[in-house]
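> I'll drop the sequence and a predicted model, then ask my questions.
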Amino acid sequence: MALPTITLDDRRFDQLFAFMRKQIDTSEWVDHNFSDPGIVLLDLLCWVGETILYRADRVPDLHIAKFADWIIDPPEPVTVQLTLTATLDPTRTQDLTIPPGTRFATDFKPDPNTQRPRRYVFETIEPAIFLAPKSPPPPGIVQEVTVTARECLIVENETIGTSDGTANQTFPFRPVHTDLGLPLDHPAPVLLDFVRRSAAYDPNPRVTISGQPWDLQQFLLTEQSRTDPANPQSAHHFMVDSEGLIRFGDGTFGAIPPAGAPIVCTRYQVLQGPDALVAENTLVRLLDQLPLMPGETLTPTNGDAEGGGGVFQPQDRLRQGLERFRRPFRLVTESDFEQVMLVDFNEFQALSGAPQRILRAIALMNRKPQTPQQQTTGHVTLAVLPQLTNTDLDEALTQTGANAPTMIQKQALIDLPASLGAKIERFLDKRRLITTRLHLHSPTLIPISVNATVFVARDRNIAEMTAIMEQELRRFLGVIHGGFDRKGWPLGGSVYRSKLFRLIEDVDGVDHVDTLALSPFDPNGDIPLAPLSLPALAGLSIVVVRV
């Protein structure tokens, strides 16, 4: 079969050489014959360039998919933080253990895609242990344990094919979307979890060959999967490759299923993506029997679901994956921490339907919040300014007068809620370096006052000039868009009279600033701020006088 026509760049050697030779500075390089060593090197470079262009459009799709697997993160399952509240019998002598794999579900509701009743099931991925009451037993024991639960959509007893007896056979999973309640065009990646896999809990695919179970391995090209030459069927292993296919061995690493043997996937779990992002307090049904004594109760309470990213349509996977690849994932520098909070975390919040956003994040490298001026290797203090309501933070924190919020109310606008802080910590934990200790911190607001007397041109309106200068001062002191660069007031940045003089005198129509007083002030008349603090305008008075 003929090779496909080159479309990426069809320039040939002569065209490349002519183009490159035109770039030579003739005032310095006058000999352009092939006897010149530089021309020889240019000739070689153009030959290599033609070879690369010839091969550029001949990379197989399979290779492109494999390259993409190296740089695109796998789909992320949806998880929730599930708080289990148990009321124990006072006479209980054994601890109550809720094993991993215990399932909780939402109530049935009509699915908007299929109009069929559907519910979402989650299973715990770690044990929850409630301690038995101590002696003498109190009247009733109520304990709370928080665990992580993960979406759980199970497919069982699916026949995926018949072995033909050849090496390296692959078989796709065949989930029936209508049976699962998924839209027909919905990608359904298979869950793989080798970290939490144990004898008691294994969410990974299970496969039988002619009714006999085979073992799932993360990779087949390992000594563990090497077959015994005396017994070719000794390593009954299979794997799920990066393309989501069940793959069997070649007889050397992993046994080959016998020809004609039926292959059945007895159980596996698929990921539902953002569809499974359930709201808080919706996992209200316990689906499994637990060893509860008469009178004991177990009540689940869940927060908003998180995750669900990376589930792309096949045609969108490469494009969206490359877009995300250009963003920092492993957090090393200050800008890495700040960018991932403003871009990735806000996208994460939007995906899950959570209303809070991060307006600004400031990373202090090698600093602890308790001693921010002392260098402490391996610690990162991340000051976060969240958007908790529809309030404009800059406007609220610089508002003055009788109707202005109090300092307590202003501080509450930027204090990080515990639930949001915990979500940020979980989000950053998989991105930080192993040796990094992360500290989230809410800046402390320092009330400041500005009093000024300003002379303006004779033809200016006093009320209008007063409003313009007040607006400029409020904008300049804004924590989100303040400062001369409009990137927000620097964390711990002192308020200098000289900068306010410059700001006011740059206003069109201002002749000069007669007096400018700040409060509270240091001996130089400035307002020094603590390292983890920001200014909040408590008082503003500008007296305007015509020249």
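Received the coordinates, thanks.

> what lies in contact with the helix or strand bottoming out on mean pLDDT in the chain?
Lowest mean confidence among the helices and strands of the chain (mean pLDDT, DSSP states H and E): helix 61-71, at a mean of 71. Under the contact criterion CB atoms under 8 Å, 6 or more residues apart in numbering, helix 61-71 has outside partners 242-243, 317-318, 321-322, 325. All C-beta spots, glycine's among them, are computed from the backbone N, C-alpha and C.

> top of those residues by number of neighbours, please.
Neighbour counts for the contacts of helix 61-71 (other CB atoms under 10 Å) peak at R317, which has 18 neighbours.

> phi and psi next, for P203.
phi -80, psi 0 (degrees, to the nearest 10).

> ok, it - contacts?
Each residue near P203 by CB under 8 Å, 6+ apart is listed here: 101, 123, 125, 150, 152, 191, 193, 196-197, 269.

> I'd like the distance between it and I98.
For P203, the distance to I98 equals 16 Å [CB to CB, to the nearest Å].

> on that earlier part again, next step: the contacts of helix 61-71 restricted to helices.
Taking DSSP state H, the ones among the contacts of helix 61-71 that sit in helices are 317-318, 321-322, 325.

> in JSON lines, list these along with pLDDT.
Shown next, in JSON lines, are the ones in helices among the contacts of helix 61-71 (pLDDT from 0 to 100):
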{"residue": "R317", "pLDDT": "74"}
{"residue": "L318", "pLDDT": "75"}
{"residue": "G321", "pLDDT": "74"}
{"residue": "L322", "pLDDT": "75"}
{"residue": "F325", "pLDDT": "75"}
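
> pull the CA atoms of the longest helix along the chain into CSV?
What stands out as the longest helix in the chain, according to DSSP H, is helix 37-56. The C-alpha coordinates for helix 37-56 follow below in CSV (Å, rounded to 0.1, in the frame of the first residue of the first chain):
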residue,chain,number,x,y,z
PRO,A,37,32.9,24.0,5.5
GLY,A,38,30.0,26.1,6.6
ILE,A,39,28.0,25.3,3.5
VAL,A,40,28.8,21.6,4.0
LEU,A,41,27.3,21.8,7.5
LEU,A,42,24.3,23.7,6.1
ASP,A,43,23.9,21.0,3.4
LEU,A,44,23.9,18.3,6.1
LEU,A,45,21.4,20.2,8.2
CYS,A,46,19.0,20.5,5.3
TRP,A,47,19.3,16.8,4.5
VAL,A,48,18.4,15.9,8.1
GLY,A,49,15.5,18.4,8.0
GLU,A,50,14.1,16.9,4.9
THR,A,51,14.3,13.4,6.5
ILE,A,52,12.5,14.6,9.6
LEU,A,53,9.8,16.3,7.6
TYR,A,54,9.3,13.1,5.5
ARG,A,55,8.7,11.1,8.6
ALA,A,56,6.6,13.7,10.5
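
> show me what counts as buried in it.
By neighbour count with 16 or more other CB atoms under 10 Å, helix 37-56 contains the buried residues 39, 42-43, 46, 49-50, 53.

> other SSEs contacting it?
The contact analysis (3 or more CB pairs under 8 Å, 6 or more residues apart in numbering; DSSP states H and E) places helix 37-56 against helix 13-22.

> show me the helices in the stretch 301-450 of the chain, by range?
Secondary structure of the stretch 301-450 of the chain (DSSP state H, counting those that start in this stretch): helices at 314-325, 334-339, 346-352, 393-397, 407-414, 418-429.

> among those helices, which is nearest W29?
helix 314-325 (39.6 Å; CB to CB).

> in the contacts of P203, find the pair that's most separated.
Largest pairwise distance in these, by CB to CB, is 15.2 Å, between C152 and R197.

> who has more neighbours, these two?
C152 (24 against 14).

> mind listing the residues bridging to the residue lying closest to the more buried one once chain neighbours are set aside?
With CB to CB, 6 or more residues apart in numbering as the criterion, C152 has its nearest non-adjacent residue at 4.2 Å, and that residue is E123. Beta-bridge pairing for E123 (DSSP bridges): R103, R150.

> burial of E123, as a residue count?
Using other CB under 10 Å, E123 is surrounded by 21 other residues.

> gap between it and L216?
Going from E123 to L216 by CB to CB gives 18 Å.

> on that earlier part again, the helices of the stretch 301-450 of the chain: which one's closest to T376?
T376 lies closest to helix 334-339 among those, at 15.5 Å (CB to CB).

> quick check: mean pLDDT of that closest one?
The pLDDT scores in helix 334-339 average 93.

> what lies in contact with that helix?
Under CB under 8 Å, 6+ apart, the answer for helix 334-339 is 327-328, 330-331, 361-365, 380, 382, 428.

> just those now: which is nearest S449?
Nearest to S449 among these: I362, at 24.7 Å, using CB to CB.

> residue contacts, E280?
Contacts of E280 (CB under 8 Å, 6+ apart): 302-304.

> now with 10 Å?
Each residue near E280 by CB atoms under 10 Å, 6 or more residues apart in numbering is listed here: 80-81, 301-305, 354, 419.

> and if you look at R460?
Counting by CB under 10 Å, 6+ apart, R460 touches 468, 508-511, 544, 546-547.

> same thing but at 8 Å, please
Applying CB under 8 Å, 6+ apart, the residues near R460 are 509, 546.

> one more: D522?
Counting by CB under 8 Å, 6+ apart, D522 makes contact with P528.

> that one falls within a strand, correct?
No - read with DSSP: H, G, I helix; E, B strand; the rest coil, D522 is coil and lies in no strand.

> any idea how far it lies from F337?
D522 is 31 Å from F337, by CB to CB.

> same question for D228.
For D228, the distance to F337 equals 51 Å [CB to CB].

> between these two, who's got more neighbours?
The residue with more neighbours, out of D228 and F337, is F337; 25 against 10, by other CB under 10 Å.

> pLDDT weak spots in the stretch 101-250 of the chain?
Residues of the stretch 101-250 of the chain that meet the criterion pLDDT under 70 lie in 135-141, 232.

> CA atoms only: put stretch 278-292 into PDB for me.
These are the backbone C-alpha positions of stretch 278-292, laid out as PDB (Å, rounded to 0.1, in the frame of the first residue of the first chain):
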ATOM      1  CA  VAL A 278     -23.400  14.300  44.000                       C
ATOM      2  CA  ALA A 279     -24.300  17.100  46.300                       C
ATOM      3  CA  GLU A 280     -23.800  17.000  50.000                       C
ATOM      4  CA  ASN A 281     -26.000  15.000  52.300                       C
ATOM      5  CA  THR A 282     -27.400  12.900  49.400                       C
ATOM      6  CA  LEU A 283     -25.800   9.500  50.300                       C
ATOM      7  CA  VAL A 284     -28.600   8.500  52.600                       C
ATOM      8  CA  ARG A 285     -29.000   4.700  51.900                       C
ATOM      9  CA  LEU A 286     -26.800   1.900  53.300                       C
ATOM     10  CA  LEU A 287     -26.800  -1.000  50.800                       C
ATOM     11  CA  ASP A 288     -24.800  -3.600  52.800                       C
ATOM     12  CA  GLN A 289     -25.400  -5.500  56.000                       C
ATOM     13  CA  LEU A 290     -23.200  -4.500  58.900                       C
ATOM     14  CA  PRO A 291     -22.600  -6.300  62.300                       C
ATOM     15  CA  LEU A 292     -24.800  -3.800  64.200                       C
END
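
> for it, give the mean pLDDT please.
For stretch 278-292, the mean per-residue pLDDT is 92.

> which parts of it are buried?
Those would be 278, 282-283, 286, 292, for stretch 278-292 by 16+ other CB under 10 Å.

> and which of those residues is nearest N157?
L286 (25.0 Å).

> can you tell me which residues contact the closest one?
Applying CB under 8 Å, 6+ apart, the residues near L286 are 102-104, 298, 300.

> one more pass at 6 Å, please.
Residues in contact with L286 (CB atoms under 6 Å, 6 or more residues apart in numbering) are F104.
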